[in-house]
Each structure stands twice: as C-alpha cells, then as structure tokens.
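Trainee: Any chance you can model this:
(chains A, B, C and D)
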There are 2 protein chains.
Amino acid sequence: MNEKVMGIGVVCELTGLSERQIRYYEERQLISPNRTQGRTRKYSFEDVEKIKEIQQKMMEGFNTFEIRQLAAKNRLKFKYSLI
Amino acid sequence: MNEKVMGIGVVCELTGLSERQIRYYEERQLISPNRTQGRTRKYSFEDVEKIKEIQQKMMEGFNTFEIRQLAAKNRLKFKYSLI
DNA sequence: CGTGTAAGGAATTCTGACACG
DNA sequence: CGTGTAAGGAATTCTGACACG
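Mentor: Residues are numbered from 1 along each chain as shown, chains lettered A, B, ... in the order given. All right, here's what the predicted structure looks like:
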C-alpha cells in the first residue's frame, strides 16, 4: 500500500516514534510523505514500514546518513536484479 | 486493510463524496469509523470500499435503510456459508 | 430522506528556534 | 547528531442547527 493517506499522528501510533523523530527522518531524506493543499503530511503504509526499518537500523547504531546510503544501495541492487 | 488510519478529508478524495455525506452514512449505521482520543474519525480502506458500494447502491435508487438491510443479509449469507 | 451551508469550537499539524550533548 | 519542548499560527475536523424538498 503506497497510498499516502495517514496523518503523522497515526504514524506515531503505528511506529511508537515521536512526531519530531518522524519529521527529522524526512529532513534527512529517509522518507518522503506527500502534502495536502495545506501543509499537512500524508504517509503510506509503505512509509510506515520504512520508518520501522529506520528505527531498527538506528538501534543497530547507524546514523541517518549511513541509513540513507544503505537504502540507495538496496535500490541499486534491486534495479540490477531486474535485468 | 481494515486499519483505521485516515481522516475524513482523505476519504472524501478517495470517494469523491462530501464530508456531510460520509458522516450521514455513519449516522445511518452503514459504516463505523474509529475515533481518536479527541473526536476525529479514522477510516480504513475497507470503509472506503464500503462507502463506494453505498454510493453505487444510492445511484441505483436504494435508500440508506435498504442498503443497511442488504448489508445485513450479505453478512448473514456469508456467515452460513462458513458452516 | 439526503445533503448543503454558515457558526463556533476543539483537536491536529506546522515551522523555526533554543536546548542538550 | 538526534530529539525534546514551548510558542504561535494555520489547516482539519466536529457538532447542532436551519434549509430544501
């Protein structure tokens, strides 16, 4: 489910993280929610899964930059595997 | 997906209906969203599908009471089919 | 019956900043 | 670097009511 439908409050509940943390991960370009005409962020279940992975990596000691790198590599690996 | 995660604004976009219509269908007990600690309603994708069906039935000329009856019958039929 | 709307309030979310470390 | 927090504002949603038909 990659439809951007939930507000940050629901994401907090689903992940157990604070709004601050979730917005920070966006600032660090680890996730990219949509915005309504106003300014409110909308997340997908896929975003929630990403956040949970970020959460996991953070606990393993990675910093946001490294997690960003890991994500990029995985996308690349996945890309080539499609050839 | 029966997780109650989206606000009424998103449901309006996904169904093309107004907030008024969606709240009215709830009043008529055709759908039952959750509520946050505050009072804001939260809907699931399943609710959205239900709303689309309601929408369809309304266009076919059924009134909310009849639609409620139809839904009840279908649940009953489904229940027995499980025996 | 089903839906639109203006009204006033309450809950939700937003940004930028200061703080700690 | 990653996160908490108080501050003020803006967007979102809520209820009850009046209206039309």
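Trainee: Run through the residues of chain A sitting next to DNA strand C.
Mentor: Along chain A, the residues adjacent to DNA strand C under the rule C-beta under 7 Å from any atom of the strand are A:7-10, A:19, A:23, A:39-41. For the C-beta atoms, the positions are set from N, CA and C on the backbone; glycine is no exception.
Trainee: Strands - which of those residues land there?
Mentor: Members of the residues of chain A next to DNA strand C lying in strands (criterion: DSSP state E): A:R41.
Trainee: Please, a ChimeraX command that selects the buried ones among the residues of chain A next to DNA strand C?
Mentor: Only the buried entries of the residues of chain A next to DNA strand C go into this ChimeraX selection, using 16 or more other C-beta atoms under 10 Å in any protein chain shown:
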select /A:7,8,9,10,41
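Trainee: contacts with DNA strand D among the residues of chain A next to DNA strand C, please.
Mentor: A:39-40.
Trainee: Among the residues of chain A next to DNA strand C, pick out the one closest to B:E3, please.
Mentor: The shortest distance between B:E3 and any of these, using C-beta to C-beta, involves A:V10 and amounts to 8.7 Å.
Trainee: which of the residues of chain A next to DNA strand C sit farthest apart?
Mentor: Checking those with C-beta to C-beta, the most distant pair is A:V10 and A:R39, at 17.2 Å.
Trainee: so where is chain A shaky, pLDDT-wise?
Mentor: Within chain A, the segments meeting pLDDT under 70 span A:82-83.
Trainee: Taking the centroid of it, which residue is nearest it?
Mentor: A centroid search over chain A (C-alpha atoms, centre = their mean) returns A:I31, at 3.5 Å, as the residue closest to the centre.
Trainee: ok, which residues in chain A are in contact with chain B?
Mentor: A:1, A:5-7, A:9-10, A:14, A:36, A:42, A:45 (C-beta under 8 Å from any C-beta of the partner chain).
Trainee: how many other residues sit next to A:N2?
Mentor: 7 (other C-beta atoms under 10 Å in any protein chain shown).
Trainee: show me what contacts it?
Mentor: Listed by C-beta atoms under 8 Å, 6 or more residues apart in numbering or on different chains, the contact partners of A:N2 are A:44-46.
Trainee: sorry, back to before: which ones among the residues of chain A next to DNA strand C map onto helices?
Mentor: In helices, judged by DSSP state H, the following of the residues of chain A next to DNA strand C are found: A:8-10, A:19, A:23.
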